[in-house]
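Colleague: Here you go, sequence then predicted model.
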Amino acid sequence: ELKVEQNPLFLSMQEGKNYTIYCNYSTTSDRLYWYRQDPGKSLESLFVLLSNGAVKQEGRLMASLDTKARLSTLHITAAVHDLSATYFCAVDVTSGTYKYIFGTGTRLKVLA
Amino acid sequence: DGGITQSPKYLFRKEGQNVTLSCEQNLNHDAMYWYRQDPGQGLRLIYYSQIVNDFQKGDIAEGYSVSREKKESFPLTVTSAQKNPTAFYLCASNPGRIRNQPQHFGDGTRLSIL
């Protein structure tokens, strides 16, 4: 059974600090996606990582993918309050179907 | 503007009643998906469809049914067999054949039991 696990599940951090969210998955996949969800809202796509070693950056967020380790990271640099949200990673199941498995989510709270 | 429209935004179900959640997209996407999200939890796949007139069960299909008669539409029916339907339901789509695209999500439907 494919599992996608994120840690930590909850993260409370001070503004200006750096931190990393980890996403581990249990099967072969070379496509990984990061999404952001604000409370009570839908999901917004942040990053698409399509190969081993892929790195994408947008503002204070940087995502990377290591397919050999089955690990993706989402690094937050100098956090600001506006980054408070829940972050999900999702893995594309490479079984011939267009199916995605989502991680458990990391709820981030940035304190002023 | 292209996007996914879910309706209604809020829905209340009486015991023993079937209810249908609407999902319409004008993105010309082949693949569509239904997810359930419980408070503080991740997304769990209910059903997905890669092409018109074809759909597959996800991880938690029991108590739900879908149809895909048109490319643009993928309605979800929550049947009376689903004993705990209270949740946030999200519909998503992506091009399907191009497997490097993220999913686009609707704004969701929040379903509660009366």
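Modeller: Nice, thanks for sending it over.
Colleague: beta partners of the residue nearest to the spatial centre of chain B?
Modeller: Nearest to the mean C-alpha position of chain B, by C-alpha atoms, centre = their mean, lies residue B:34 at 2.9 Å. Residue B:34 forms beta bridges with residue B:47, residue B:91, as assigned by DSSP bridges.
Colleague: how near is it to chain A?
Modeller: Counting by C-beta to the nearest C-beta, to the nearest Å, the gap from residue B:34 to chain A is 12 Å. Yep, even glycine has a C-beta here, placed from its N, CA and C like the rest.
Colleague: can you pull out the strands in chain B?
Modeller: Along chain B, counting by DSSP state E, strands occupy B:4-7, B:10-13, B:19-25, B:31-37, B:43-51, B:54-57, B:64-66, B:76-78, B:87-94, B:104-105, B:109-113.
Colleague: Neighbouring strands - and their directions - for the second one?
Modeller: If I follow you right, that is strand B:10-13. The strands that strand B:10-13 pairs with in its sheet are strand B:109-113 (parallel) (by DSSP bridges).
Colleague: Next, format the strands of chain B as a markdown table and append distance to residue A:15 and mean pLDDT.
Modeller: Below are the strands of chain B laid out as a markdown table (distance: least, C-beta to C-beta, whole Å; pLDDT from 0 to 100):
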| stretch | distance to residue A:15 | mean pLDDT |
| --- | --- | --- |
| strand B:4-7 | 34 | 96 |
| strand B:10-13 | 34 | 93 |
| strand B:19-25 | 38 | 97 |
| strand B:31-37 | 28 | 96 |
| strand B:43-51 | 29 | 94 |
| strand B:54-57 | 44 | 94 |
| strand B:64-66 | 42 | 98 |
| strand B:76-78 | 40 | 97 |
| strand B:87-94 | 29 | 96 |
| strand B:104-105 | 28 | 95 |
| strand B:109-113 | 31 | 94 |
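Colleague: Ok, which of those strands comes nearest residue A:23?
Modeller: strand B:43-51 (14.0 Å; C-beta to C-beta).
Colleague: and the closest one, which residues are buried?
Modeller: Neighbour-count burial for strand B:43-51 flags B:43, B:44, B:45, B:46, B:47, B:48, B:49, B:50 (criterion: 16 or more other C-beta atoms under 10 Å in any protein chain shown).
Colleague: now these in a markdown table, with distance to residue B:104?
Modeller: Converted to a markdown table, those look like this (distance: C-beta to C-beta, whole Å):
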| residue | distance to residue B:104 |
| --- | --- |
| B:43 | 14 |
| B:44 | 19 |
| B:45 | 16 |
| B:46 | 17 |
| B:47 | 17 |
| B:48 | 14 |
| B:49 | 15 |
| B:50 | 16 |
